[in-house]
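Asker: From the sequence below, what's the structure:
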Amino acid sequence: MGAKMDEYEAELKDSRQRFINDPAISPLFSPECEDRLFARWMLRYNAHGIHMTHDVERWISSAGERCGELGMDQLEKALKAHSRAEAGHDRMMVADTHAIANWWRERYGEPVDADGLLARPPLATAGFYARFHEQVIAGPTPFAQLAIEYEIERLSVTIGPVLLATCERVFHPDASCYSFLAEHVELDAGHTAFNQRQLGGVLAASPGALSTMIETGKAALASYAAFMAECLDLARGDLESERVSP
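Answerer: This is a model prediction of the structure:
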């Protein structure tokens, strides 16, 4: 991978472990996570996640354009080509939101306003995540977008299978409730390898970018954990409201 990429991986090790152990989200990674809580979290994750995925194609393509402006022509071509693989993923989250709402109504006899959830403005954490992307792309090191994509898509490879196993247990046999997650678990190994190669290439050519890449990768993980935690807090609130409603 190269010496600088090895340094990057070593520096991110603790942050990645902190993500998994974060008490605000670690209940989601337990095989004993309660069915109703997990299902409501998935509902919130998908409904609010549209604001995290709608612009991913544009973010990657824009990062490529900015890299081209810096003379990084090969990276520009690679990012623009890669961006097309991210098109329309927010629509999968919309479909999953409706599927989970229908599943909940059939399973528990309680209505869920999927359209109302989808129409809500971005959560604070989702808004921060989007601004983070925009700031990196518009800043002096747009290639640091690679660190964001690497860390976030890498989650599909690490925690994705754990979440998918719980989805299969909770929603079985209705796989329509987790199409977004299932596709990312299947495809993001390839995307992660792509991001790792591109990131390693940038670091080999520009070793001075290492600290920027490290800080960007750490910030990406912290931002995504905060979003997952906010969705979990909202899911708990949903269940509490149902318990106290007449």
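
Asker: any idea how far the spatially most central residue of the chain is from residue 224?
Answerer: What sits nearest the mean C-alpha location of the chain, by Cα atoms, centre = their mean, is residue 152, with 5.2 Å. Residue 152 sits 6 Å away from residue 224, going by Cβ to Cβ, to the nearest Å. All C-beta spots, glycine's among them, are computed from the backbone N, C-alpha and C.

Asker: can you tell me the distance between the two ends of stretch 25-42?
Answerer: One end of stretch 25-42 to the other measures 13 Å (Cα to Cα, to the nearest Å).

Asker: the strands in this structure, which residues?
Answerer: Counting by DSSP state E, the chain has no strands to list.

Asker: For it, which segments count as helices?
Answerer: For the chain, the helices defined by DSSP state H cover 3-21, 35-53, 56-69, 73-83, 89-108, 114-119, 124-138, 145-158, 160-171, 179-205, 210-244.

Asker: Distance check, the closest residue to residue 79 other than its chain neighbours against residue 120.
Answerer: Spatially, and ignoring its direct neighbours in sequence, residue 79 is nearest to residue 64 (3.2 Å; Cβ to Cβ, 6 or more residues apart in numbering). From residue 64 over to residue 120 the distance is 31 Å, taken as Cβ to Cβ.

Asker: out of these two, which sits in the busier spot?
Answerer: Counted by other Cβ atoms under 10 Å, residue 64 and residue 120 do not tie: residue 64 has more neighbours, with 25 against 11.

Asker: Hmm, residue 217 is touching residue 9, no?
Answerer: No - assessed by Cβ atoms under 8 Å, residue 217 is found out of contact with residue 9, at 9.8 Å.

Asker: about what we covered before: just the pLDDT at the residue nearest to the centre of the chain, thanks.
Answerer: For residue 152, the pLDDT comes out at 96.

Asker: Over to residue 245?
Answerer: 53.

Asker: Show me what the worst-scoring helix or strand of the chain on mean pLDDT is packed up against.
Answerer: Least confident helix or strand of the chain, by mean pLDDT, DSSP states H and E, is helix 179-205 with a mean of 92. Contacts defined by 3 or more Cβ pairs under 8 Å, 6 or more residues apart in numbering; DSSP states H and E place helix 179-205 against helix 3-21, helix 73-83, helix 89-108, helix 145-158, helix 160-171, helix 210-244.

Asker: which parts of the fourth one are buried?
Answerer: Across helix 145-158, burial judged by 16 or more other Cβ atoms under 10 Å covers 145-157.

Asker: One more: the shortest one?
Answerer: By neighbour count, and taking 16+ other Cβ under 10 Å as the criterion, the buried residues in helix 73-83 are 75, 76, 78, 79, 80, 82, 83.
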